[in-house]
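Engineer: sequence and computational prediction follow.
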Amino acid sequence: MNRRKFIQNTALGTAGAALFSPQLFAQLFNKDPFEMRELRGGVGIFTERGGTIAYLQTKDGISVVDTQFPDQSNHLIEALKKTSSKPFKHVINTHHHGDHTSGNIAFKGLAEHFVAHENSKKNQLANAEKSNSVDKNVFPDITFADSWKGKSGKETIKMHYLGAGHTDGDSFVHFEKANIVHTGDMLFNRRHPYIDRSAGASVVSWIDVLEKAANKFDSETLYVFGHSGDGFDITGKKADLMAFRTYLQQAHDFVAKQKAAGKSAAEITEIKEFDFKSEWQGDGIKRVLSALVDELGVQ
Ligand SMILES: [Zn+2]
Ligand SMILES: [Zn+2]
């Protein structure tokens with residue numbers, strides 16, 4: 001047994017899976033705590049802690065979609081600087097949540113522009129003011145209502161706002177030439193989603209938006225998801241969008257049925273399982289039920 005194998009067996013085998021964490025793994029093997037994966041056309045993804053980051057490298061510069069937290073963005077910047085001396089052209093936020101925008105600060109003075117939907121900026125500002133952290137935020141200097149287009153090298157980055165879903169300010173970010181779309185948190189792959197009613201989320205609209213997205217992009221489009229369940233990938237295809245849409249529709253109809261049967265909001269949010277078969281499993285059903293109870297006006 002070689003040394004590496006021995007450490008793996010003792011630390012991760014005998015001591016048990018409970019000990020396993022990416023941080024521990026990184027420490028044990030002196031390995032980076034993050035993962036970077038090239039997809040195609042100069043676009044890659046970075047994962048460590050928080051919503052998946054996508055990045056584009058061209059002869060003109062680097063564009064980044066979402067920023068996780070400051071430490072994670074610093075890791076990304078350090079790693080990208082090893083392969084490129086180009087400037088950071090865009091920092092794009094799919095939406096305002098902290099696990100997608102907290103790292104913006106690492107790009108302050110480094111990135112030319114910060115881009116997000118106008119509602120994302122509104123939500124980010126409201127949250128920062130509420131938590132007294134305006135100085136720790138970098139807000140977009142470019143916002144849009146329907147769409148925005150940016151260029152880098154031969155690539156065109158187009159942001160599309162298709163309506164409310166996870167919040168009221170989520171964009172789909174399309175690298176048109178590479179044909180890769182970052183969905184942000186508009187897609188939780190095989191994991192119960194967060195539905196931020198306090199920031200204008202709507203499941204009814206989300207169902208509609210997923211269909212719009214599936215029609216807007218094509219069958220070759222590669223999607224990057226904000227989050228995924230254990231063992232599921234953070235990239236996927238149109239079929240994954242449609243499967244998530246079906247799940248949201250079923251969850252919506254389930255709560256509507258409970259309401260019609262006279263169940264109270266308190267009773268519905270205590271339910272532990274849906275009555276339909278689904279790949280969306282694990283914890284988090286309560287946040288879906290609570291959001292739907294609120295949206296459907298269950299008393
Ligand atoms: Zn997220
Ligand atoms: Zn989010």
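Structural biologist: Looks like it arrived, so ask away. Numbers count the residues shown, from 1 in each chain. Ligands and ions are numbered 1, 2, ... in the order given.
Engineer: ligand 2 contacts on the chain?
Structural biologist: His97, Asp185 (Cβ under 5 Å from the ion). (Each C-beta comes from the backbone N, C-alpha and C, glycine too.)
Engineer: so which residues on the chain come close to ligand 1?
Structural biologist: The chain comes close to ligand 1 at residues Gly51, Asp99, Asp185, Gly226, as judged by Cβ under 5 Å from the ion.
Engineer: try 6 Å
Structural biologist: Counting by Cβ under 6 Å from the ion, the residues of the chain close to ligand 1 are Gly51, His97, Asp99, His100, Asp185, Gly226, His227.
Engineer: so which of those belong to helices?
Structural biologist: Per DSSP state H, helices hold the following members of these: Asp99, His100.
Engineer: the residues of the chain next to ligand 1 in strands, which ones?
Structural biologist: His227 (DSSP state E).
Engineer: for the stretch 151-299 of the chain, which residue gets nearest to ligand 2?
Structural biologist: Asp185 (3.6 Å; Cβ to the ion).
Engineer: ok, that residue touching His96?
Structural biologist: No. Proximity of Asp185 to His96 does not meet the contact threshold set by Cβ atoms under 8 Å, at 10.4 Å.
Engineer: any common contacting residues for the two?
Structural biologist: Thr167 (Cβ atoms under 8 Å, 6 or more residues apart in numbering).
Engineer: host element of Thr156?
Structural biologist: strand 155-160 (DSSP states H and E).
Engineer: how distant is that strand from the center of its chain?
Structural biologist: 17 Å (Cα atoms, centre = their mean, to the nearest Å).
Engineer: helices and strands around that strand, which ones?
Structural biologist: In terms of contacts (3 or more Cβ pairs under 8 Å, 6 or more residues apart in numbering; DSSP states H and E), strand 155-160 is packed against strand 88-92, strand 147-152, strand 172-175.
Engineer: could I get these as a markdown table with mean neighbour count?
Structural biologist: Shown next, in a markdown table, are the helices and strands packed on strand 155-160 (neighbours: other Cβ atoms under 10 Å):
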| stretch | mean neighbour count |
| --- | --- |
| strand 88-92 | 24 |
| strand 147-152 | 16 |
| strand 172-175 | 24 |
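Engineer: point out where the stretch 1-150 of the chain drops to low pLDDT.
Structural biologist: Low-confidence segments of the stretch 1-150 of the chain (pLDDT under 70): 1-28.
Engineer: tally up the residues packed near the residue in it positioned nearest to ligand 2, please.
Structural biologist: Relative to ligand 2, the nearest point of the stretch 1-150 of the chain is His97 (3.5 Å; Cβ to the ion). Neighbour count of His97, defined by other Cβ atoms under 10 Å: 26.
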